[in-house]
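J.: For reference, the sequence and a predicted model appear below.
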Amino acid sequence: MKTFKIFTTVLITCMLMLTSCQQDDDYTQDGNDIPDDTGMMDDNETGNLDQFFGASVSRSFFGQVVDENNVGIQNALVSVGGEMVSTDSNGIFSIDNASVNESFGYLRVTATGYVTSGRALRPSEGVNRIKVMLLEADVTATVSSGTAETVQLGNGTMVSLPGDYIDANGNPYSGNVDVILDYLDPSSPDLDAVMPGMLYAEDASGAEAYLETFGMISVELRDGAGNELNIDPDNPAELRFPLDPNLQGLAPSTIPLWSFDDELGYWIEEGEATLQGNEYVGTVSHFSFWNCDAPFPVVDFCITIQDTNGNPLVGTSIGISVPITPYPRYGVTDDNGEVCGKVALGEVLTIFINDLCGNTVFTTTVGPFTSAANVGPLQFTPTNSSTSQQIIGNLQDCSNTDVTNGYVVLDYAGADYFQPVTNGGFEFNIISCPASNSFTYIGVDAVTQETSGEISSTFTPPTTFLGNTVTCTAVTEYIEWTVDGISRFLTTPIQAGLDVDFIFISANTNNEYFGISANNTVLGTYTWGFQGPPGSMLMDLSETLSQDNADYSQPFDIVFQLNAFGAVGDYIDITFTGTFTDTSGNLKNISGSLHVIRDN
């Protein structure tokens, strides 16, 4: 199986304007004090925000869990609304009809060897796309109990440890302590994927708050066997957060400290930090993800984006920036082209879309808003040569049955994009860039973990039809085509190669015959024909359609796409779709694809 790459902003579904970061810590639920993971009790009641979450609803989620190199993590556990699934070999997960709230859902993610994290969002009615990047639990330093020590990162991030520790049951601990220390930079393009939850919090008064981050630190303590430890709450530790130079003009002299509760899924205000030169300094009584954040007022906000043909832009990264912060935040549209979240109250919002090469191709301003707003649908009109591409196909298993639990990975411009299938069908709506008109894709059956293998294709705007893609790893090459809903599927023996300047491909198995030819080997779009003007690109299916009583006196409206023509031993990839008329005067639909090995 190919190791997939992932673009850093593709699978982020929550769309809060500013950032924050944290790790694991439990305080209270339903307003009652309960022990947290360290056995400590919180003096303040927390967990009061469910009154703002709305009614219980069913929502679906699709996403990927990756490591810090954007490589999928297998067997990570993702839980939401009482449902729990594990990720596959590509780090992909899918959860249907989980019970969450109208305005809040939280997916908690754990994996062996990684720091616990998760994603919170305002779930929309379509399939919510999520990306979670887990920090590796690499030991920064090993210290000893009974001795005050300081652990520091190269950028100035620092934790001063008092030397008094407790185990998960709250009992005193003596021995070596492994310290796992990470800093989350507010300017990082991966911040939305790495930080747990979203920038949503409970302040010291028990009210909801929304945050602008000025720095985040994650601290985990473990014994030699990997068991979680924490500091003695009666002997607090000091944290030092380096301040991003771009935030120095905005940074207040004191700022609230927030820790992340990985059971509730949001931040809890606990104390404050003081600005000392180019760093914030504060003390904490336990470890988790900690965050220097300034709260600000917000409103609920949804935006819907369509392409120029009125199709929803699905899985598209939408950026929003406001004057009060130097860093934009991103959200990813659902199946309806919609993304929802919280945005700054009373601020003009700049909405922008980048193509898949990172070029800004659309921008507009909306607002300011003083109450909940639902904007759109806005029609995406690119500002340069980037193009909105619709890609449609169908995924089948080895028996030519539609895959009901699977996904397709599209590799374009050096990054991968994932799309779940619905009753076999899948659709991408992406924004290509001038750098490339070709892409590859792989279909995956999530039940059998069989794939189609990597298939090459090119865009044929406005819609690229991929036909049926078969997930059957035992099959190295195949031909499949469908005429008016009747599917055919041929495997070996298939003959494919080059006769002078003509491509020929044929197969004859179980009384099914397929034959196709083309008048040259140039990649691109072909039309039906036996012969044409010099330089015309023609492809012929005559012998194949004789089985369906094609009337050759009538015009054929079939478009072919030659997507790959490799050397001997490599693949030839062709897709086609269109109509023809049979001898009874019936107009018939045809589509198909070929993934065959060149013999000569």
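T.: Done, it's in.

J.: how close does the residue nearest to Ala98 when sequence neighbours are not counted get to Glu427?
T.: Leaving out its chain neighbours, the residue that sits closest to Ala98 by C-beta to C-beta, 6 or more residues apart in numbering is Gly81, at 3.6 Å. Where you see a C-beta, it was placed from the backbone N, CA and C, and this is true even at glycine. Distance of Gly81 to Glu427, given as C-beta to C-beta, to the nearest Å: 26 Å.

J.: quick one: Ile558 and Leu541 touch, right?
T.: Yes - between Ile558 and Leu541 there is a contact at 6.8 Å, judged by C-beta atoms under 8 Å.

J.: Quick check: neighbours shared by the two?
T.: The contact sets of Ile558 and Leu541 overlap at Trp528, Phe576 (C-beta atoms under 8 Å, 6 or more residues apart in numbering).

J.: quick one: buried residues of stretch 546-559?
T.: Using 16 or more other C-beta atoms under 10 Å as the test for burial, stretch 546-559 gives Ala550, Phe556, Ile558.

J.: Repeat that for stretch 478-496.
T.: Within stretch 478-496, the residues scored as buried using 16+ other C-beta under 10 Å are 478-483, 487-491, 494, 496.

J.: For those residues, give me JSON lines that also has pLDDT.
T.: Output for those, formatted as JSON lines (pLDDT from 0 to 100):
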{"residue": "Tyr478", "pLDDT": "82"}
{"residue": "Ile479", "pLDDT": "84"}
{"residue": "Glu480", "pLDDT": "80"}
{"residue": "Trp481", "pLDDT": "82"}
{"residue": "Thr482", "pLDDT": "81"}
{"residue": "Val483", "pLDDT": "85"}
{"residue": "Ser487", "pLDDT": "69"}
{"residue": "Arg488", "pLDDT": "76"}
{"residue": "Phe489", "pLDDT": "73"}
{"residue": "Leu490", "pLDDT": "77"}
{"residue": "Thr491", "pLDDT": "70"}
{"residue": "Ile494", "pLDDT": "88"}
{"residue": "Ala496", "pLDDT": "89"}
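
J.: Would you list the phi and psi of Tyr173?
T.: Main-chain dihedrals, Tyr173, degrees, to the nearest 10: phi -120, psi 140.

J.: Can I take it that Leu545 is in a helix?
T.: Yes - with DSSP: H, G, I helix; E, B strand; the rest coil as the criterion, Leu545 is part of a helix.

J.: How many neighbouring residues does the closest residue in space to it that isn't next to it in sequence have?
T.: Nearest non-adjacent residue to Leu545, counting by C-beta to C-beta, 6+ apart: Phe580, 6.1 Å away. For Phe580, the tally of surrounding residues (other C-beta atoms under 10 Å) stands at 23.

J.: gap between stretch 57-66 and the chain center?
T.: Centre-to-centre, stretch 57-66 and its host chain are 10 Å apart (C-alpha atoms, centre = their mean, to the nearest Å).

J.: Any buried residues in it, and which?
T.: Neighbour-count burial for stretch 57-66, with 16+ other C-beta under 10 Å as criterion, is recorded at Val57, Arg59, Ser60, Phe61, Phe62, Gly63, Gln64, Val65, Val66.

J.: mind listing which of those residues are in strands?
T.: Val57, Arg59, Ser60, Phe61, Phe62, Gly63, Gln64, Val65, Val66 (DSSP state E).

J.: Turn these into TSV, columns for pLDDT.
T.: Compiled in TSV, these are given as follows (pLDDT from 0 to 100):
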residue	pLDDT
Val57	92
Arg59	91
Ser60	89
Phe61	91
Phe62	90
Gly63	89
Gln64	91
Val65	92
Val66	89
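
J.: where along the stretch 51-200 of the chain do the strands fall?
T.: Using DSSP state E, counting those that start in this stretch, the strands of the stretch 51-200 of the chain run over residues 56-66, 77-80, 83-86, 92-101, 105-110, 117-121, 128-133, 141-144, 149-152, 158-161, 165-166, 172-173, 176-184, 200-202.

J.: out of those strands, nearest to Ile318?
T.: The closest of these to Ile318 is strand 128-133. By C-beta to C-beta, the value is 11.8 Å.

J.: what about the chain, any weak spots by pLDDT?
T.: 1-46, 324-327, 382-385, 435, 474-475, 487, 492, 500, 509-511, 530-532 (pLDDT under 70).

J.: Next, work out how far apart the residue nearest to Ala98 and Cys357 are.
T.: From Gly81 to Cys357 the distance is 37 Å (C-beta to C-beta).

J.: Looking at the two, which one has more neighbours?
T.: Gly81 (20 against 17).

J.: List just the nearest of the ones in strands among the buried residues of stretch 57-66 to Phe576.
T.: Among these, Phe62 lies closest to Phe576 (C-beta to C-beta), at 29.7 Å.

J.: returning to that earlier point: looking at the strands of the stretch 51-200 of the chain, which is closest to Phe459?
T.: With distances scored as C-beta to C-beta, the stretch of these nearest to Phe459 is strand 128-133 (21.9 Å).

J.: and the angle for the closest one with strand 92-101?
T.: Counting by axes from the mean of the first three to the mean of the last three C-alpha atoms, to 10 degrees, strand 128-133 points 120 degrees away from the direction of strand 92-101.

J.: what lines up beside strand 128-133 in the sheet?
T.: Sheet pairing of strand 128-133 (DSSP bridges) gives strand 56-66 (parallel).

J.: Can I get the lengthiest strand in the chain in CSV, CA atoms only?
T.: The residue-count maximum for a strand in the chain (DSSP E) belongs to strand 208-222. The C-alpha trace of strand 208-222 is given here as CSV (Å, rounded to 0.1, in the frame of the first residue of the first chain):
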residue,chain,number,x,y,z
GLU,A,208,-18.3,30.2,27.5
ALA,A,209,-15.4,32.0,26.0
TYR,A,210,-13.5,32.0,22.6
LEU,A,211,-9.8,32.4,22.4
GLU,A,212,-6.9,34.0,20.6
THR,A,213,-3.8,32.1,21.3
PHE,A,214,-0.4,33.6,22.2
GLY,A,215,1.3,30.3,22.7
MET,A,216,0.7,26.7,23.8
ILE,A,217,2.7,24.1,25.6
SER,A,218,2.1,20.3,26.1
VAL,A,219,3.7,18.6,29.0
GLU,A,220,3.4,14.8,29.8
LEU,A,221,5.2,13.0,32.7
ARG,A,222,5.7,9.2,32.7
